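> my questions concern the predicted model and sequence given below.
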Amino acid sequence: MMPITHEWINKAEGDFAMMEREGRVRKRPNYDGICFHAQQCAEKYLKARLNESAIQFGKTHDLPALLDLIIPREPLWEVFRRDLAYLSDFAVAFRYPGESATCDQSKDAIRRCRVFRKHVRLALKIPQSK
């Protein structure tokens, strides 16, 4: 595996850990943060897979656009388009005043992120955890 791919994975795992920890908080959970880190985890795992395939990508938070780039290598990932589109909005939606994530949205984001993460880790031949 390329060194930069490892870096993307490490960054993705940092976001995954933040999402998981905040998802267990009972007093004043940060639903905005959970949704943001779920999106970031998925984004960085997509970029890790793209990098490992030597596919160029720009600076973007648009998960469906990143998915379009990897589909030729991972055609079965098309099933994740709806989940990735859902998560994609969380890159900026709740980062500013005016809108906040709900408990249900954060639970949904965690679920979708976990499922996608598992599949990317399989594709990258990373041992499964959690």
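Yes, it's here.
> host element of the most centrally placed residue in the chain?
Relative to the mean C-alpha position of the chain, the nearest C-alpha, by C-alpha atoms, centre = their mean, is the one of A42, at 1.3 Å. Assigned by DSSP states H and E, A42 falls within helix 31-52.
> immediately after that helix, which helix or strand?
Immediately after helix 31-52, counting by DSSP H and E, sits helix 63-70.
> which parts of stretch 123-130 are buried?
Residues A123, L124, I126 are the ones in stretch 123-130 that count as buried (16 or more other C-beta atoms under 10 Å). Where you see a C-beta, it was placed from the backbone N, CA and C, and this is true even at glycine.
> which one of those is nearest R28?
I126 (33.2 Å; C-beta to C-beta).
> next, that closest one: secondary structure please.
I126 falls in the coil class when you classify it by DSSP: H, G, I helix; E, B strand; the rest coil.
> mind listing what the closest residue to it other than its chain neighbours touches?
Leaving out its chain neighbours, the residue that sits closest to I126 by C-beta to C-beta, 6 or more residues apart in numbering is I9, at 7.0 Å. Neighbouring residues of I9 by C-beta atoms under 8 Å, 6 or more residues apart in numbering: K44, Y45, A48, L124, I126.
> for whichever strand or helix holds I9, buried residues please.
Assigned by DSSP H and E, I9 belongs to helix 3-23. Judged by neighbour count (16+ other C-beta under 10 Å), helix 3-23 contains these buried residues: 5, 8-9, 11-13, 15-16, 18-20, 22-23.
> just the CA atoms of that helix, as CSV, please.
Extracted as CSV, the C-alpha positions of helix 3-23 are listed here (Å, rounded to 0.1, in the frame of the first residue of the first chain):
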residue,chain,number,x,y,z
PRO,A,3,2.3,5.7,2.1
ILE,A,4,-0.2,8.4,1.2
THR,A,5,-3.0,5.8,1.2
HIS,A,6,-2.0,5.0,4.8
GLU,A,7,-2.2,8.7,5.7
TRP,A,8,-5.7,8.9,4.2
ILE,A,9,-6.7,5.8,6.2
ASN,A,10,-5.2,7.2,9.4
LYS,A,11,-7.1,10.5,8.9
ALA,A,12,-10.3,8.6,8.2
GLU,A,13,-9.9,6.5,11.3
GLY,A,14,-9.4,9.7,13.3
ASP,A,15,-12.8,10.9,12.1
PHE,A,16,-14.3,7.5,12.7
ALA,A,17,-13.0,7.5,16.3
MET,A,18,-14.4,11.0,16.9
MET,A,19,-17.8,10.0,15.5
GLU,A,20,-17.9,6.8,17.6
ARG,A,21,-16.9,8.6,20.8
GLU,A,22,-19.4,11.4,20.4
GLY,A,23,-22.0,8.9,19.4
